[in-house]
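Asker: Sharing a model that was predicted from the sequence below.
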Amino acid sequence: MARRRALKLISEKKLVKFIVEDANLTIYAAYSRRFDALYVTVPGKFCSCPSYLFDVFAKRISDSCIHLLAMKLAGNNLQEVEISLDEFTSKIFPLIFKGLID
């Protein structure tokens, strides 16, 4: 079931590698179900989604959240988005913040 959900994230193009041009910064993220929030990931290590916080980190009932599994399965086949620091600050950061408080 988890693998199927992870593959669905990949097929729906919900995994993104943001390249912030003026800041020499790369951020990996996964969109929420409705594309209205972003979860920041460190592939293989961390995700800012609630599932990672509760199921992986706190309760230790899972080794990974769906976003990290999808990142692993996608490998280098992520959608890459080059973006300026101004665009990142105005458009992407609010989605990341929303992902933290949802």
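Answerer: Cool, got the structure. Numbering: from 1, shown residues only.

Asker: For Glu82, which non-adjacent residue is closest in space?
Answerer: Leaving aside its sequence neighbours, Glu82 sits nearest to Ile19 (C-beta to C-beta, 6 or more residues apart in numbering; 4.8 Å). The way it works is simple: take the backbone N, C-alpha and C, and place the C-beta from them, glycine included.

Asker: pLDDT score assigned to the one you found?
Answerer: As summarised for this prediction, Ile19 has a pLDDT of 97.

Asker: Packing partners of the helix or strand where it lies?
Answerer: Ile19 belongs to strand 15-20 when assigned by DSSP states H and E. On a contact count with 3 or more C-beta pairs under 8 Å, 6 or more residues apart in numbering; DSSP states H and E, strand 15-20 meets strand 25-31, helix 66-74, strand 79-83.

Asker: Out of these, which is closest to Asp102?
Answerer: In terms of C-beta to C-beta, the element of the helices and strands packed on strand 15-20 nearest to Asp102 is strand 25-31, at 12.1 Å.

Asker: helix or strand right after the closest one?
Answerer: Next in sequence after strand 25-31, counting helices and strands by DSSP H and E, comes strand 38-42.

Asker: Sheet partners, orientation included, of that next one?
Answerer: Here strand 38-42 has these sheet partners by DSSP bridges: strand 25-31 (antiparallel), strand 46-47 (antiparallel).

Asker: Give me the contact list for that strand.
Answerer: Counting contacts by C-beta atoms under 8 Å, 6 or more residues apart in numbering, the residues outside strand 38-42 that touch it are 16, 27-32, 47-49, 52, 67-68, 71, 92, 95-96, 98-99.

Asker: Please list only the buried members of those residues.
Answerer: The neighbour count (16 or more other C-beta atoms under 10 Å) marks 16, 27-32, 47-49, 52, 67-68, 71, 92, 95-96, 99 as buried among the contacts of strand 38-42.

Asker: tell me the pLDDT at Arg60?
Answerer: pLDDT, read off for Arg60, is 86.

Asker: pLDDT of stretch 63-74, averaged?
Answerer: In this model, stretch 63-74 has an average pLDDT of 95.
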